[in-house]
Structure formats: structure tokens, C-alpha cells
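Undergrad: structure, please.
(one chain, ligands or ions: 2)
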Amino acid sequence: MANFLRLAVWKFASCDGCQLTLLDCEDELLALAEAVDLAYFPEASSKMAQGPYDLSLVEGSITTAHDAQRIRDVRAQSKHVVTIGACATSGGIQALRNFADVGDFVAAVYARPDYIDTLETSTPISAHVTVDFELQGCPVDKRQLLEVIGAFLTNRKPVIPEYSVCFECKRRGNICVMVKGEPCLGPVTHAGCGAICPAYRRACYGCFGPMEAPNLPALSEEWRQMGAAKGQIRDVLRTFYGWSDPFRRESNAHDN
Ligand code: SF4
Ligand code: SF4
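TA: Ligands and ions are numbered 1, 2, ... in the order given. All right, here's what the predicted structure looks like:
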């Protein structure tokens, strides 16, 4: 087959949700299986074929020295590396440790902290190796994931929208939650979810990460005028994508 692609799926620090999105492609799995050799995907199969691989999908962030070495090994045996999800593209929720002392968390959570061997930070895959494409979301959107795999199958650039959740929200005919005073991250968040949260009258908390060229200072000034306190603005920004450059910069500006 001309476009047969050897696919590997890797997990680092994460919840497995993005890998499950791939398994959730029930209607498309047969077509996918005809075009793709699932060479390495421990979550789905006991088959663990050796590299090299044409495409490696990588879920999760780097939180241990061992994983920092492992991602270099993955890169060395992969023609293309695509990171999937908030953890792999920005460090994920576990990057909250980056704003504090990881030793404090370890001492508070584990009965035997001395068993824990971890890095001070949770960092995205791109901080360690070259990445060919980053797909955002917590978890990623199934249609966008299939688009990315299809693009690498056919040697073209993935077509993923660069606009914000607000576009999807308006298309859905939602009433903007900012009119009732809720700080919504929709104006700066990457589209892909179909504006699910505002459709249920709650603010977007940014689980699809920053859109291209987001204007965070303007949005947080808007929230401030709506009555949001500094600490509230900081906390809204530091959830799923708190360690991404734009969210981190703006949250730091509101960190007394
Ligand atoms: S509810 Fe949020 S996503 Fe929807 S239009 Fe308002 S700011 Fe944008
Ligand atoms: S938090 Fe925002 S990006 Fe995430 S599902 Fe809700 S509306 Fe979509």
C-alpha cells in the first residue's frame, strides 16, 4: 500500500484521555486500520513492534529524568512526532507544580515521599525534542486527531482552525456567559470543542489551550472591569494550560 504508515502511540505523565480519543474513533477505526499499521500502542494492543516508526503520537508531559531520556529515544526512531493534548503540548495540569515547590506537594500527598523520584517541573515534549505538530485539547478532539493522522498519511499540513472558541460559541447561538460576569477564556482559547461549556451556561476554562496570537492582557483587563480579583484571574489562567507561554505570562502578572 502506497501510503501505509507505521504508527506508534506513547504515553508520558498523563491520564490516558487522549489515547482513549483514538480508541473512541469507532466508526473510523476500520478505515484507519487499512491505512495504518498500529506498530506500537500498548494501551490498545500487546503487539509491540520495534521502530523505526513513520509517525509517533505522544501523550503526556515530562516529569522524570527517565522520561526525559525516553522521549529522546522516541524522537530518534520516529520520522514524525506529533504531540497530543494539554500535557504533551504545555505540561498539563501537573505543571501547577512549576509555580510552587514540588517537594511540598510530594510531602503532602505521599506517605513515603522518599520513594518519589521526580523533576521539579512538568514540561511539554517540545521542551525536550523537536516536534512536527502539536494538537491541543484536554482531551484532544476526535475529528481533529483524525485530520492530523490523515494529513501525515498524505504528506500535507493538517487543517486545524486557528480561531477561538468564541467563533464556535457564536455559531451555536449561545448567550455569552460574560454578560453574567463570568471570566470566560473562550476569546483566547483554541477552537475544537464546539463551545460545549458556554452551551451549558458556564465559562470556558481553556482546555483547548491558547489560540494563535491570543490577547491575554486585554481579556484580563475586561475581567478586571467586570469585578474579578487578581487572584481569581490568576487561578482561571492556571488550569489546563497554565504553563503555556501566554497563560503563564498573564497569570504571573496577577500573582501578588
Ligand atoms: S461565552 Fe465565552 S466563548 Fe462564548 S462568546 Fe462569550 S466569551 Fe466567547
Ligand atoms: S473548557 Fe473551553 S475549550 Fe474546554 S470544552 Fe469547555 S468550552 Fe471547550
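
Undergrad: model confidence score at N3, please.
TA: Looking at N3, its pLDDT is 53.

Undergrad: tell me which parts of the stretch 101-250 of the chain are close to ligand 2?
TA: V165, T189, C193, A195, I196, C197, C204, Y205, G206, C207, F208 (CB under 6 Å from any ligand atom). C-betas here are computed from N, CA, C, even on glycine.

Undergrad: if we use 5 Å, what do you get?
TA: C193, I196, C197, C204, Y205, C207, F208 (CB under 5 Å from any ligand atom).

Undergrad: care to break the protein down by domain?
TA: Residue ranges for the domains of the chain, per the TED database: 5-154, 165-253.

Undergrad: possible to save these as TSV with mean neighbour count?
TA: Shown next, in TSV, are these (neighbours: other CB atoms under 10 Å):
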stretch	mean neighbour count
domain 5-154	18
domain 165-253	18
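
Undergrad: tell me how far the residue nearest to D117 when sequence neighbours are not counted lies from L153.
TA: In space, and not counting its chain neighbours, D117 is closest to T64: 6.6 Å by CB to CB, 6 or more residues apart in numbering. The gap separating T64 from L153 is 33 Å, by CB to CB, to the nearest Å.

Undergrad: residue of the stretch 151-256 of the chain closest to ligand 1, please.
TA: G186 (2.1 Å; CB to the nearest ligand atom).

Undergrad: could you look up the SS state of T130?
TA: Under DSSP: H, G, I helix; E, B strand; the rest coil, the three-state class of T130 is coil.

Undergrad: ok so, going back, quickly name whichever of the residues of the stretch 101-250 of the chain next to ligand 2 is closest to C138.
TA: Closest to C138 out of those is C207 (4.1 Å), distances taken as CB to CB.

Undergrad: show me the contacts for the closest one.
TA: Residues in contact with C207, defined by CB atoms under 8 Å, 6 or more residues apart in numbering, are A86, G137, C138, T189, C193, T239, F240, Y241.

Undergrad: farthest pair in the residues you listed?
TA: Applying CB to CB across the contacts of C207, the maximum distance is between C193 and T239, 14.6 Å.

Undergrad: tell me where the stretch 101-250 of the chain has helices.
TA: 102-109, 142-153, 165-172, 196-199, 216-226, 230-237, 245-253 (DSSP state H, counting those that start in this stretch).

Undergrad: now render those as a markdown table, adding distance to A95 and mean pLDDT.
TA: Below are the helices of the stretch 101-250 of the chain laid out as a markdown table (distance: least, CB to CB, whole Å; pLDDT from 0 to 100):
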| stretch | distance to A95 | mean pLDDT |
| --- | --- | --- |
| helix 102-109 | 11 | 94 |
| helix 142-153 | 22 | 95 |
| helix 165-172 | 21 | 97 |
| helix 196-199 | 21 | 97 |
| helix 216-226 | 17 | 96 |
| helix 230-237 | 12 | 95 |
| helix 245-253 | 9 | 97 |
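
Undergrad: any low-confidence regions in the protein?
TA: Residues of the chain that meet the criterion pLDDT under 70 lie in 1-3.

Undergrad: tell me where it has strands.
TA: Along the chain, the segments classed as strands by DSSP state E run 5-11, 36-40, 53-59, 78-84, 133-135.

Undergrad: tell me the residues of the stretch 101-250 of the chain that contact ligand 1?
TA: Applying CB under 5 Å from any ligand atom, we find that the stretch 101-250 of the chain lies next to ligand 1 at V165, C166, C169, C176, V177, M178, C184, G186, P198.

Undergrad: enumerate every residue touching the first one.
TA: This points to V165. L185, G186, P187, T189, H190, A191, C193, A195, P198, C204, F208, M211.
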